[in-house]
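Student: no FASTA, just this:
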């Protein structure tokens, strides 16, 4: 990238990533991101490829997938996968499930099912371990 110093590209990448994280639930466009960090689309894309090894769109998708996973792992009563997908900007549920499985190795329903099972398990019973032995005081014996 000619014309932009390496330090400026690093700052630009950091600012753009931070802005994306702060606006995950909003419907975003590349133009919105460019305006927020005051750069051109061409500079933004080349900076992302160079500094982050991805594109702004793929980074945003990854951040949203991770956020959706956190929500599914909480497994709150009444959690619906469609609601979680919509909350994080995924409008096509088939693609959401496909991308989620590619990213995490399981479907969103598998994650939610596991979280709900874990939440419904009773708390483990207190341990019935033997009480601690008293340590004799005084001089140690020769056998010790």
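Tutor: Sure, I can see it. The shown structure was predicted, so the numbers you read here are calculated from the model rather than taken from an experiment.

Student: and residue 20, how far from residue 28?
Tutor: Computed as CB to CB, to the nearest Å, the residue 20 to residue 28 distance reads 7 Å. (Glycine included, C-beta is placed from N, CA and C.)

Student: same question but for residue 89, I mixed them up
Tutor: Taking CB to CB as the measure, residue 89 falls 8 Å from residue 28.

Student: after the helix or strand where residue 9 lies, which helix or strand is next? Please name it.
Tutor: Remark: residue 9 resides in helix 6-22, with elements defined by DSSP states H and E. Toward the C-terminal end, the helix or strand that comes next after helix 6-22 (DSSP H and E) is helix 30-37.

Student: what residues does that next one touch?
Tutor: 12, 15-16, 19-20, 23, 40-41, 44, 56-57 (CB atoms under 8 Å, 6 or more residues apart in numbering).

Student: if you set the cut-off to 7 Å instead, what comes out?
Tutor: With contacts defined as CB atoms under 7 Å, 6 or more residues apart in numbering, helix 30-37 is touched by 12, 15-16, 19-20, 40-41, 44, 56.

Student: which of those residues tops the neighbour count?
Tutor: Ranked by the number of neighbours (other CB atoms under 10 Å), the contacts of helix 30-37 place residue 56 first, at 25 neighbours.

Student: is it true that it touches residue 44?
Tutor: Yes - using CB atoms under 7 Å as the test, residue 56 is close enough to residue 44 to be in contact (6.2 Å).

Student: in the protein, spot the helix with the most residues.
Tutor: Ranked by residue count, the top helix of the chain under DSSP state H comes out as helix 56-74.

Student: quick one: it to chain centroid distance?
Tutor: The gap between the average C-alpha position of helix 56-74 and the chain average comes to 5 Å, counting by CA atoms, centre = their mean, to the nearest Å.

Student: where does the protein dip in pLDDT?
Tutor: Within the chain, the stretches with pLDDT under 70 are 1-3, 121-144.

Student: so what are the domain limits for it?
Tutor: With automatic domain parsing serving as the domain definition, the record reports that the chain contains domains spanning 1-54, 62-120.

Student: now residue 45: which helix or strand?
Tutor: With elements delineated by DSSP H and E, residue 45 resides in helix 41-47, which encompasses its position.
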